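Enquirer: return a 3D structure for these sequence lines:
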Amino acid sequence: MSLAVASRYANALADVVLGSKGAIDPQTVVSQLRSLDSVITSSAELRNVLQSPAVSTTHKAKVISRLAGSLSMEQVVRNFVNLVVRNRRGGLLPQMRAAFEKILDERSGTVKVEVTSAVELSGGAKAQLEAELARHTGRAVRCAYSTDPALLGGLVARIGSLVYDGSVRGQLESLRRKLAV
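Expert: Here you go, the predicted model:
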C-alpha cells in the first residue's frame, strides 16, 4: 500500500516538474529530494517528528520550512514536502524520492545501469562505458557505480534483470563450469 501511495505522490510531482516546460529542472528536484532524504535518514529525531501523530502538522510544517530554507530548496519542492507532511505521509518521503527518480527515467527513456567494478573507474572510463552502454541499449543511461574487490578485475553491469558479467571472477567461474562437465 505504501509503495502505491509513494508512486501516486511521485507521479504528481513528475507531472508538475515536467509540465513546467523547462522552468523547473528535474535534476535539481532530484538533487534536493536526495539531500532531504539524506538529512531525514541521518536524524532519528527528525524522522520521529515527521512520523509521529503526536506532533501537530503545524509544528511539522515549521520544521520542514526551516529545513527547506537551510537546504535552499526550490519552491515546488517545498510545496511538495509541505503537502506530504500535511497529509501525514512524511514517513514515505524516501520511497517518494526513489519513485520520482524512476518515473523521470521512464518518461525520459533513460535506463538505470548498476555498474560494479573491481576498482574505482576513472572519469574517462566511466564516460566511455556509458557511451558504449547507450549504444548497446539504444537509450540514454544513468549509471550507479560501486566497487567490489572480489571481482578481481573487470566489471559487472546490471540493466534491470539483465546482467553483463565481464569480471575476471565471472570468467573464472564460467571456465570452472565448462571444465567440471
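Enquirer: how about low-confidence regions in this protein?
Expert: The model of the chain has pLDDT under 70 over residues 1.
Enquirer: what are the ranges of the strands in it?
Expert: 110-117, 140-147, 155-159, 162-165 (DSSP state E).
Enquirer: buried set for the last one?
Expert: Translated: strand 162-165. Asp165 (16 or more other CB atoms under 10 Å). Glycine gets a C-beta too; all of them are placed from N, C-alpha and C.
Enquirer: ditto for stretch 86-103
Expert: 89-101, 103.
Enquirer: show me what counts as buried in stretch 9-29.
Expert: In stretch 9-29, counting by 16+ other CB under 10 Å, buried: Tyr9, Ala10, Leu13, Ala14, Val17, Ile24, Pro26, Val29.
Enquirer: kindly reformat those as a markdown table and extend each row with distance to Thr57.
Expert: A markdown table is the format used below for these (distance: CB to CB, whole Å):
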| residue | distance to Thr57 |
| --- | --- |
| Tyr9 | 16 |
| Ala10 | 21 |
| Leu13 | 19 |
| Ala14 | 25 |
| Val17 | 24 |
| Ile24 | 25 |
| Pro26 | 28 |
| Val29 | 23 |
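Enquirer: which of those residues lies closest to Val77?
Expert: Relative to Val77, the closest of the buried residues of stretch 9-29 is Val29; by CB to CB it sits at 5.8 Å.
Enquirer: which ones are touching the closest one?
Expert: Applying CB atoms under 8 Å, 6 or more residues apart in numbering to Val29 gives the contacts Leu13, Val17, Glu74, Val76, Val77, Phe100.
Enquirer: hmm, 7 Å instead?
Expert: Residues near Val29 by CB atoms under 7 Å, 6 or more residues apart in numbering: Val17, Glu74, Val76, Val77.
Enquirer: could those residues go into TSV alongside distance to Lys178?
Expert: TSV is the format used below for the contacts of Val29 (distance: CB to CB, whole Å):
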residue	distance to Lys178
Val17	50
Glu74	55
Val76	56
Val77	53
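Enquirer: what distance do you get for Gly153 to Gly170?
Expert: Look at Gly153 and Gly170: by CB to CB, to the nearest Å, they are 10 Å apart.
Enquirer: no wait, Pro26
Expert: 35 Å.
Enquirer: please, where are all the helices along this protein?
Expert: Applying DSSP state H to the chain gives helices spanning 2-19, 26-42, 44-51, 57-70, 75-86, 93-108, 123-137, 168-180.
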